[in-house]
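1. Any chance you can model this:
(one chain, ligands or ions: 1)
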Amino acid sequence: MSFRRFFQEEIETLPKEKLKALQLQRLQAMVELVYHQNSFYRKLYDEAGVKPSDIQSLEDIRKLPFLEKKSVRGAYPYGMALAPIGGENGAVEVHATSGTTGKSVPVFATMKDIENWADLNARELWMTGLRPGDVFMNSYGYGLPTGGFGFHYGAMKMGVMVIPMGSDARQYERFIDFIFDFGVAGMCMTPSVGLYVGNKAREMGIDFKKSKLKVGLFGAEPWPWETRLKLEEYFGITAYDEFGMTEFLGPGMTCECETRDGMHAWADAFLVECINPETGEPVGEGEEGELVWTWLNADGTAMLRYRSRDLSRVWWEERCACGRTHPKIAAIKGRTDDAVPIRGLIVFPSQIEAALLRFPETGANFRIIVDKRNGLDTFDLKVEVKENAMLESEEFVKQLQKQMAEAVKSVTGNTPHVHLVPADSLPRATGGESKTASARVEDRRNLQAVEQK
Ligand SMILES: [Zn+2]
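-> Reported below is the predicted structural model:
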């Protein structure tokens, strides 16, 4: 059977100028709405001296003050709501960020939002090669963060049967069984869960080439190209990067197409800016900065100019080789608040991951431990090995630790103390919400400062 190329051809291929006109129209309507219906925004915009009529062009969005996570938390629980709770046209589902560093940020979805959410996710599943009649295994977490639900609704919308597997990697045997027994064609999970399950399958001698599996979508954590190659090798798939934020009912915000050169950000639903995180000024097209998101067609929750802390790049081609016209963002490099300054240099966990994955001995996880001794930063790196037998030869361990330390130094400028540790011995992030690398960094310097007070 042959299928069409796009899930929603007209909007996915709408010429760039028309998309921009649609964005402006939706932005103006949204600012008008929040100013008149939401006291949080009314106060925010009055204090900044900006009125809805000031938004005459897309660039005028810069007149609106940023939303910081801190200020959004101040509006907890219902301050960001646009719709009544329940009832006709009201919010019928609520999700929330994990709240690991403070109050959760809730997001309210009306039925209209859920319909739009399903469409955006179906576009992405379609774009990465799934078609009606396929079986999709959803291994993001189902819960307060939106990870599991987005692709679940998207798969249902396009006639793909979805298996709500959830993200608990300890049930890897069931992951593997279901892929074969139900003829799974596509799956989604965090890259770290993927590496874990793939490695287990490899140990068990499983060959996924004998299954129907062809596509994997991975997100919720920054992951370097080396991880992609490893996942493709483990599962015999084409691996795609996708990115979303719970505050915007992500996934369904951005995903790679067949070119795998950046992720299309759905411009009819979101306006993405890229700013210098220090000054708040826009950076040039394609230059690195912090992503700032505005939700253009939200019905239940207002999110305008929300600072993500994610570092990436944004560019907008007239038309991608895949035929789509929506702008692109680069793979998330890290978060401004994940950047770990060590001995005066900035280190990102994703850089370290890329360096370690060049070693076939590297297992599924690693942990960065930073401390201060005699006024100087210490930098320790615990790395899981793939097989515990590798730890038996002292000479081998010493050599490998030295080589890994050199590899990390070559990308970060800092030489760590590498300690090889047994497989599966370090804490691991499994949920669909841990886009931060905080699970991988243990910064004891701040603890010390607190204890000394
Ligand atoms: Zn494309």
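2. Could you use CA atoms for every contact and neighbour count after this?
-> OK.
3. and the nearest residue to D424 once chain neighbours are set aside, what are its phi and psi?
-> What sits nearest to D424 in space, not counting adjacent residues and going by Cα to Cα, 6 or more residues apart in numbering, is E384, at 6.9 Å. For E384, the backbone dihedrals are phi -70, psi 140 (criterion: degrees, to the nearest 10).
4. what pLDDT does E384 get?
-> In the prediction, the pLDDT value recorded for E384 is 95.
5. Kindly report the same for G431.
-> Value listed for G431 in the pLDDT field: 45.
6. still on that earlier bit, could you list everything the residue nearest to D424 pairs with in the sheet?
-> Beta-bridge partners of E384, counted by DSSP bridges, are V421.
7. which residues touch stretch 151-170?
-> Contacts of stretch 151-170 with the rest of the structure, by Cα atoms under 8 Å, 6 or more residues apart in numbering, involve 114, 117-123, 125, 130-142, 148, 175, 189, 193, 196-197, 251-252, 430-432.
8. What mean pLDDT does it get?
-> In this model, stretch 151-170 has an average pLDDT of 95.
9. Check which residues of that stretch are buried.
-> Judged by neighbour count (16 or more other Cα atoms under 10 Å), stretch 151-170 contains these buried residues: 151-158, 160-167, 169.
10. Need the CA coordinates for it. PDB is fine.
-> Extracted in PDB, the C-alpha atoms of stretch 151-170 (Å, rounded to 0.1, in the frame of the first residue of the first chain):
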ATOM      1  CA  PHE A 151       3.200  10.200  21.100                       C
ATOM      2  CA  HIS A 152       0.400   8.100  22.500                       C
ATOM      3  CA  TYR A 153      -2.200  10.600  21.200                       C
ATOM      4  CA  GLY A 154      -0.200  11.100  18.000                       C
ATOM      5  CA  ALA A 155       0.000   7.400  17.200                       C
ATOM      6  CA  MET A 156      -3.800   6.900  17.900                       C
ATOM      7  CA  LYS A 157      -4.600   9.900  15.600                       C
ATOM      8  CA  MET A 158      -2.800   8.400  12.600                       C
ATOM      9  CA  GLY A 159      -4.000   4.800  13.000                       C
ATOM     10  CA  VAL A 160      -0.900   3.400  14.500                       C
ATOM     11  CA  MET A 161      -1.400   1.000  17.400                       C
ATOM     12  CA  VAL A 162       0.500   2.100  20.500                       C
ATOM     13  CA  ILE A 163       2.000   0.000  23.300                       C
ATOM     14  CA  PRO A 164       2.200   2.100  26.400                       C
ATOM     15  CA  MET A 165       5.300   0.400  27.700                       C
ATOM     16  CA  GLY A 166       6.500   3.200  30.000                       C
ATOM     17  CA  SER A 167      10.100   4.000  30.800                       C
ATOM     18  CA  ASP A 168      11.200   1.500  33.400                       C
ATOM     19  CA  ALA A 169      14.300   0.000  31.800                       C
ATOM     20  CA  ARG A 170      14.400  -2.800  34.400                       C
END
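11. can you offset everything so residue one is 35?
-> Yep, numbering from 35; the last one is stretch 185-204 now.
12. Please state the offset of that stretch from the chain centre?
-> Between the centre of stretch 185-204 and the centre of its chain there are 17 Å (Cα atoms, centre = their mean, to the nearest Å).
13. Model confidence score at whichever residue of the stretch 185-334 of the chain sits closest to the ion, please.
-> Ranked by Cα to the ion, the top residue of the stretch 185-334 of the chain for proximity to the ion is C291, at 4.6 Å. Confidence per residue is given as pLDDT, and for C291 that number is 98.
14. which residues does it contact?
-> 158, 161-162, 274, 297-298, 356.
15. now those as CSV including distance to R38 and neighbour count?
-> CSV is the format used below for the contacts of C291 (distance: Cα to Cα, whole Å; neighbours: other Cα atoms under 10 Å):
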residue, distance to R38, neighbour count
E158, 14, 29
M161, 11, 19
T162, 13, 23
Y274, 20, 22
M297, 21, 24
H298, 19, 27
C356, 13, 14
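16. Adding pLDDT, write these out as CSV.
-> Shown next, in CSV, are those (pLDDT from 0 to 100):
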residue, pLDDT
E158, 98
M161, 98
T162, 98
Y274, 98
M297, 98
H298, 98
C356, 97
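17. Which of the residues you listed fall in strands?
-> 274, 297-298 (DSSP state E).
18. And those residues, which is closest to T335?
-> The shortest distance between T335 and any of the ones in strands among the contacts of C291, using Cα to Cα, involves H298 and amounts to 22.7 Å.
19. who's that closest one bridged to?
-> C289, K362.
20. That one contacts G286, correct?
-> No - applying Cα atoms under 8 Å, one finds H298 not in contact with G286, separated by 10.2 Å.
21. Buried residues, the helix or strand where S226 lies. List them.
-> Using DSSP states H and E, S226 maps to helix 225-237. By 16+ other Cα under 10 Å, the buried positions in helix 225-237 come out as 225-235.
22. Okay, now the unreliable bits of this structure?
-> Within the chain, the set of residues satisfying pLDDT under 70 comprises 35-36, 134-135, 462-472, 480-487.
23. can you list the residues of this structure near the ion?
-> On the criterion Cα under 5 Å from the ion, the ion has as its neighbours in the chain the residues 291, 354, 356.
24. Please determine how far the residue of the chain most remote from its centre is located from K436.
-> Within the chain, E429 marks the point farthest from the mean C-alpha position, 39.4 Å out by Cα atoms, centre = their mean. Distance of E429 to K436, computed by Cα to Cα, to the nearest Å: 11 Å.
25. go on, P456?
-> With Cα to Cα as the criterion, P456 and K436 are 17 Å apart.
26. L305 now?
-> Applying Cα to Cα to L305 and K436 gives a distance of 46 Å.
27. which of the two has more neighbours?
-> With other Cα atoms under 10 Å as the criterion, L305 and K436 differ in neighbour count, and L305 comes out ahead with 23 against 16.
28. part of a strand, is that one?
-> Yes - under the criterion used here (DSSP: H, G, I helix; E, B strand; the rest coil), L305 sits inside a strand.
29. Please identify which helix or strand holds the spatially closest residue to it that is not a sequence neighbour.
-> Distances taken as Cα to Cα, 6+ apart place T328 nearest to L305, at 5.1 Å, with adjacent residues excluded. Per DSSP H and E: T328 is located in strand 323-329.
30. which of the residues in the helix or strand hosting S105 are buried?
-> Using DSSP H and E, S105 maps to helix 103-108. Of the residues in helix 103-108, those buried under the neighbour-count criterion (16+ other Cα under 10 Å) are 103, 106-107.
31. Show the subsequent helix or strand relative to that helix.
-> The helix or strand immediately downstream of helix 103-108 is strand 125-130, counting by DSSP H and E.
32. Any buried residues in that next one, and which?
-> Taking 16+ other Cα under 10 Å as the criterion, strand 125-130 shows 125-126, 128-130 as buried.
33. now do stretch 415-430
-> Buried residues in stretch 415-430 (16+ other Cα under 10 Å): 415-420, 424-425.
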